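# sequence first, predicted coordinates after that:
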Amino acid sequence: MHRKRVLFASYVVMVCVYPLHCAAQDQEQPQSEKPRLHNYLFVRPAQNRMDVNALAKLAASNPTQTLPLSTLYVDSSRDGNHYRVALVGSDPFTGGRSVSVPTFIVPLVIRTHEVGTSYDPKTGIVSTTPGIRAFNPTVADTACLTSPNDVPVTLLQQSPIFKPATFDFGGTVVGTTQYGDAFQRANFWKVDDHDTYHVLLGPVKTLKPVVIDVPAAYGLALSPSAFGPPALCAPHGIVDVEWFSNYLAGTVIPALAAQGVNPSTFPLFLLRNVAWNLTPVTNLSNCCGSIVTSITGVPIPTQTYVAADFDSTGFFGTDGKDTYSVSAGVGFWMNNPFELNETPPWGNVGPIVGCTPTLDVTDPLVEAQALRIAMPNGFTYHLEELAFLSWFFGAPSVGVNGWFSDNATFLTDAGPPCH
């Protein structure tokens, strides 16, 4: 496995491969665990960049125009420099209070007009033929999931992204809460007030599905047998990330304002078995991404959002299924909501090739085995392990158990600055 960081147009693309060794959930139909392609996280920075100081002033002067934010001043033991980062939630170093961000789940129904019939691994090119397919996260996925746990949006609503679960990290119970909150509490366990500090998503409202009709040039549906045996349990969609992001920012998000979506809320766009690619979508050499994070409306006020795939096909391997991508997107958003936070350069760790200063709690642990949480509905969810801020800025760790990630993959910091 390998990973690299490259810049395409306005996107910072982080390439990752999910692990291959985990057993499939028993409620799913048997299928290959091997990822078919690499999985990218697309982070689309705004063209007009604000700074952390401007965000802090806005949050202090008019908190209704932005997310609830805290600004941390960090002295890094890795390079001796000072950093300022903006996080969602209150300041854990002063104990911290409970913060809850109004959240909208927005199901996206993706409709494509080309069918990918075969894939040439030597060229990365997909052969296509005309055909209409729809990917709808609000209807039962009878091909890949088993009733009653077969509707992706319902499974998301019932998942530890939104519902409480007990999180025990190495014998330390950080709370019975949502995963994002459990991670943030563990992230600052040595300094936060365990009785008061929370970063929660809620109230949570699911909006009516939004249908996106993707032009033939910008999307396709891979047939289950496109990659050869063993076949996927269902088709898998591919959509051009630039076209998708522009459509979301220019058409979908403005239309949601009437339903309450604004810069002080968190819209989470849910897709079913759809990933993103660079232009042209028929060339899978740089495919694919299961998460898009971005901001619109800059300089201020600024709307943040995450779009994530609920994969049931095993397209990205067993550990990349169901809420894995959603958990990664939420973790990234909580710790770098405006994509401005920087750290001492890090890199060349695990599958990462090269150096980056971006505060990205998901990237360093892409090869770590997913956390698995069984919920009362009988479904076992996949969640990505996430890196603590102490890993980026240096020892000693303020995280739970003195760890540097929430499942103990990292027991030391990132080391000397990457060059």
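Sure, I can see it.
# what are the boundaries of the helices in the chain?
Listed in chain order, the helices found in the chain under DSSP state H are 52-61, 152-157, 179-187, 241-247, 253-256, 324-335, 389-393.
# what comes into contact with the second one?
Spelled out, that is helix 152-157. 105, 107, 137-138, 141, 145, 149, 162-163, 204, 206, 270, 272, 310, 312, 322-323, 326, 377, 379, 381 (CB atoms under 8 Å, 6 or more residues apart in numbering). The C-beta positions use only the backbone N, C-alpha and C, and glycine is treated the same way.
# one more time with 10 Å, if that's ok
Contacts to helix 152-157, defined as CB atoms under 10 Å, 6 or more residues apart in numbering, come from residues 105-107, 135-141, 144-145, 148-149, 151, 162-163, 204, 206, 209, 268, 270-273, 308-312, 322-323, 326, 375, 377, 379, 381.
# among those residues, which are in strands?
105-107, 135, 204, 206, 268, 270-272, 308-310, 381 (DSSP state E).
# go ahead and confirm residue 383 touches residue 373.
Yes: the pair residue 383 / residue 373 is scored as a contact, 6.3 Å apart, by CB atoms under 10 Å.
# what's the overlap in contacts for the two?
Counting by CB under 10 Å, 6+ apart, the shared contacts of residue 383 and residue 373 are 159-160, 165, 167, 179, 182, 323, 327.
# could these be laid out in JSON lines, adding distance to residue 75, pLDDT and neighbour count?
Formatted as JSON lines, those follow (distance: CB to CB, whole Å; pLDDT from 0 to 100; neighbours: other CB atoms under 10 Å):
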{"residue": "159", "distance to residue 75": "37", "pLDDT": "98", "neighbour count": "24"}
{"residue": "160", "distance to residue 75": "34", "pLDDT": "98", "neighbour count": "23"}
{"residue": "165", "distance to residue 75": "34", "pLDDT": "98", "neighbour count": "20"}
{"residue": "167", "distance to residue 75": "29", "pLDDT": "98", "neighbour count": "24"}
{"residue": "179", "distance to residue 75": "29", "pLDDT": "98", "neighbour count": "28"}
{"residue": "182", "distance to residue 75": "27", "pLDDT": "98", "neighbour count": "28"}
{"residue": "323", "distance to residue 75": "35", "pLDDT": "97", "neighbour count": "28"}
{"residue": "327", "distance to residue 75": "30", "pLDDT": "97", "neighbour count": "28"}
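# can you tell me which of those lies closest to residue 228?
Nearest to residue 228 among the shared contacts of residue 383 and residue 373, counting by CB to CB, is residue 323 at 28.4 Å.
# give me the number of residues near residue 354?
By the measure other CB atoms under 10 Å, the count of residues near residue 354 is 12.
# so for it, what's the pLDDT?
Note on residue 354: pLDDT of 90.
# before we move on, back to that, residue 383 and residue 373 - which one has more neighbours?
Between residue 383 and residue 373, counted using other CB under 10 Å, residue 383 has the larger neighbour count: 29 against 20.
# now do the contacts for the more buried one.
159-161, 165, 167, 179-180, 182-183, 319, 322-324, 326-328, 330-331, 370-373, 406-407.
# could you redo the last one with a cut-off of 8 Å?
Residue 383 sits next to 160, 179, 323-324, 327, 370-373 when contact means CB under 8 Å, 6+ apart.
# distance to residue 398 added to those residues, as JSON lines?
Converted to JSON lines, the contacts of residue 383 look like this (distance: CB to CB, whole Å):
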{"residue": "160", "distance to residue 398": "24"}
{"residue": "179", "distance to residue 398": "20"}
{"residue": "323", "distance to residue 398": "27"}
{"residue": "324", "distance to residue 398": "26"}
{"residue": "327", "distance to residue 398": "22"}
{"residue": "370", "distance to residue 398": "25"}
{"residue": "371", "distance to residue 398": "21"}
{"residue": "372", "distance to residue 398": "26"}
{"residue": "373", "distance to residue 398": "24"}
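# out of the residues you listed, the closest to residue 172 would be?
Nearest to residue 172 among the contacts of residue 383 is residue 371, at 14.7 Å by CB to CB.
# for the closest one, list each beta-bridge partner.
Beta-bridge partners recorded for residue 371 (DSSP bridges): residue 383.
# surely it and residue 365 touch.
No: applying CB atoms under 8 Å, one finds residue 371 not in contact with residue 365, separated by 10.6 Å.
# list the residues that contact both of those two?
The contact sets of residue 371 and residue 365 overlap at 384-385 (CB under 8 Å, 6+ apart).
# the strands in the stretch 1-150 of the chain, which residues?
Using DSSP state E, counting those that start in this stretch, the strands of the stretch 1-150 of the chain run over 3-8, 11-16, 39-44, 69-75, 82-88, 98-120, 125-135.
# so which of those strands gets nearest residue 277?
Going by CB to CB, the one of those nearest residue 277 is strand 39-44, 8.6 Å.
# that older thread, make TSV from the helices of the chain and add distance to residue 195 to it.
Output for these, formatted as TSV (distance: least, CB to CB, whole Å):
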stretch	distance to residue 195
helix 52-61	24
helix 152-157	28
helix 179-187	11
helix 241-247	40
helix 253-256	36
helix 324-335	20
helix 389-393	21
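# of all those, which one comes closest to residue 284?
With CB to CB as the criterion, residue 284 lies closest to helix 241-247 of those, at 13.1 Å.
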